[in-house]
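# next one to model:
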Amino acid sequence: MLTKNTESRRALPLAGITVVSFEHAIAAPFATRQLADLGARVIKVERPGVGDFARSYDSRARGLASHFVWCNRSKESLTLDVKALAAKEVLDRLLSRADVVVQNLAPGASARLGLSESALRSRHPRLILCDISGYGDNGPYRDKKAYDLMIQSEAGFVSITGSTETPSKAGLSIADIATGMYAYSGILTALIARGQSGMGMRVEVSMLEALTEWMGYPLYYTTDDAPPPARTGASHATIFPYGPFAAGDGRVVLLGLQNEREWETFCRQVLLDPKLLVDSRFATNASRVSNREVLTSLIVEAFSALSADAVVQRLETAGIASASVREMRDVWNHPQFISRERWSEVETPAGMLPALRPPATLDGIDSRMDAVPALGEHTDAILSELGFDADIVAGWRLAGAI
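Coordinates of the predicted model:
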């Protein structure tokens, strides 16, 4: 399953960068994992005995939590009770060696721990601080709890997703993922800026603003209080035909048209019914959207004598976009990933697990794909590196500080 390394690979771009992260759940861990993919050393500070609560979300990945395995490879786990007396000295030494600090703690927690911009900037002028929160560090929602579903709702995503009868959330944590991506790109930008100015900066990312940025199309679609896009399941709300259609064998084919040229091709080569081109009900995309139920019936009727494979073959021959509705087991074995050797493996406390290589392929660089850490696996080594005596460390462990 491992892909072959080529000769003369370049050094990882973020080698030599140290990230200290006070993180949990998805948004911050996803951001820092991508930094680790590029070679950054990521030290994940976790609560003794418990760790990142995402470790216990489930046990589906051979006894490990699926979210945790996904977001935490190539990191080092340091267990530390940040409220203990010993923590201040540990954090002082740790931060003096850090390039980046990332946190998505509860509102106000980072300030109480002395991890705010005002507390750190004078002592660490080159430090990049990335603060991730639900709603931002001011405003009326500042202290409101922010889980992914709540942000999907507040950003309007749930209102435009699902069926006509039932608004729905996304099947994955898109608010967290959006936030993690903006934190990742913000940190990279800050590193570039530091290379020019020599000074660090603060990067602030809120989940609400991250996901609302992704809502640009439906927001502009409702300019001046215009009606919002309808909830249309797997179909597109404002382009048609674009979505799932049943074939004669009961299987579903997804297809999508983007312009009038494709509509003409679709009618002539796929539906084999050029008369539709002169039907006023379908003359424009807007009219096809308005008459989607009638047009759906005509498409399903044309497909009724064909298997899904035959429909896909017609679409491919005509150059019309199509896709299969794949289950998770199908994605693991997707022929495109296998052909492109996109699957690698990572070591975990439960043994080797498959892992998709990072989507951004950098010429001449193999992304880092190191182990997912056990809770506190690197505590002793990191504290020794920071200069703490083994007897002191043993005392902290007995006291529950690490």
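# ok, the residue nearest to Tyr221 when sequence neighbours are not counted - contacts?
Nearest-residue entry for Tyr221: Pro229, 5.7 Å, with adjacent residues in sequence omitted and distances by CB to CB, 6 or more residues apart in numbering. Bear in mind the C-beta positions are built from the backbone N, C-alpha and C, glycine included. Taking CB atoms under 8 Å, 6 or more residues apart in numbering as the criterion, Pro229 is in contact with 160, 218, 221, 237-238.
# and the residue most central in space within the chain, what is it in contact with?
In the chain, the residue lying closest to the centroid (CA atoms, centre = their mean) is Ile177, at 3.1 Å. Contact analysis of Ile177 by CB under 8 Å, 6+ apart lists 26-27, 30.
# ok, now with 7 Å
By CB atoms under 7 Å, 6 or more residues apart in numbering, the residues touching Ile177 are Phe30.
# how much space between it and Asp148?
When distances are taken as CB to CB, to the nearest Å, Ile177 and Asp148 turn out to be 9 Å apart.
# next: Glu165.
Separation of Glu165 from Asp148 (CB to CB) stands at 23 Å.
# got JSON lines for the contacts of Pro229, with neighbour count, distance to Trp343 and secondary structure too?
Converted to JSON lines, these look like this (neighbours: other CB atoms under 10 Å; distance: CB to CB, whole Å; DSSP: H, G, I helix; E, B strand; the rest coil):
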{"residue": "Ile160", "neighbour count": "19", "distance to Trp343": "34", "secondary structure": "helix"}
{"residue": "Pro218", "neighbour count": "17", "distance to Trp343": "35", "secondary structure": "helix"}
{"residue": "Tyr221", "neighbour count": "15", "distance to Trp343": "38", "secondary structure": "helix"}
{"residue": "Ala237", "neighbour count": "19", "distance to Trp343": "34", "secondary structure": "coil"}
{"residue": "Thr238", "neighbour count": "14", "distance to Trp343": "36", "secondary structure": "coil"}
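# what residues go with each domain of this protein?
Under automatic domain parsing, the residue ranges defining each domain of the chain are 18-216+358-399, 242-325.
# which of those domains sits most buried?
domain 18-216+358-399 (a mean of 18; mean count of other CB atoms under 10 Å).
# following the helix or strand of the chain with the lowest mean pLDDT, which helix or strand shows up next?
Sorted by mean pLDDT, DSSP states H and E, the helices and strands of the chain end with helix 109-112, the least confident at a mean of 91. For helix 109-112, the succeeding helix or strand toward the C-terminus, using DSSP states H and E, is helix 117-120.
# tell me the average confidence for the helix or strand following that next one?
Of the helices and strands lying after helix 117-120 in sequence (DSSP H and E), the nearest is strand 128-133. Mean per-residue pLDDT for strand 128-133: 98.
# got it, and stretch 233-243?
Averaging the model's pLDDT scores along stretch 233-243 yields 94.
# over to stretch 65-77?
Mean pLDDT, taken over the full extent of stretch 65-77, equals 98.
# low-confidence stretches in the stretch 1-150 of the chain?
By pLDDT under 70, the low-scoring segments of the stretch 1-150 of the chain are 1-9.
# now do the helices in it.
Using DSSP state H, counting those that start in this stretch, the helices assigned to the stretch 1-150 of the chain run over residues 27-37, 66-71, 85-96, 109-112, 117-120, 148-154.
# swap in the stretch 201-350 of the chain?
For the stretch 201-350 of the chain, the helices defined by DSSP H, counting those that start in this stretch cover 207-214, 216-221, 260-265, 285-290, 292-303, 308-318, 328-332, 335-339.
# so which elements touch the last one?
Where contact means 3 or more CB pairs under 7 Å, 6 or more residues apart in numbering; DSSP states H and E, helix 335-339 is not packed against any helix or strand.
# which outside residues touch it?
Contact partners of helix 335-339, identified using CB under 7 Å, 6+ apart, comprise Trp343.
# tell me the gap between it and the middle of its chain.
In terms of CA atoms, centre = their mean, to the nearest Å, the gap separating the centre of helix 335-339 from the centre of its chain is 22 Å.
# keeping just the C-alphas, turn that helix into PDB.
Backbone C-alpha positions of helix 335-339 (Å, rounded to 0.1, in the frame of the first residue of the first chain) are rendered in PDB as follows:
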ATOM      1  CA  PRO A 335      -9.600   3.200  -8.800                       C
ATOM      2  CA  GLN A 336      -8.400   6.800  -9.200                       C
ATOM      3  CA  PHE A 337      -6.600   6.800  -5.800                       C
ATOM      4  CA  ILE A 338      -5.100   3.300  -6.500                       C
ATOM      5  CA  SER A 339      -3.900   4.300  -9.900                       C
END
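# report the longest helix in the chain, please.
The helix spanning the most residues in the chain, taking DSSP state H as the definition, is helix 174-197.
# mean confidence (pLDDT) on that one, please.
Taken as a whole, helix 174-197 has a mean pLDDT of 98.
# report the angle between the axes of it and strand 128-133?
Orientation note: helix 174-197 sits at an angle of 160 degrees relative to strand 128-133 (axes from the mean of the first three to the mean of the last three CA atoms, to 10 degrees).
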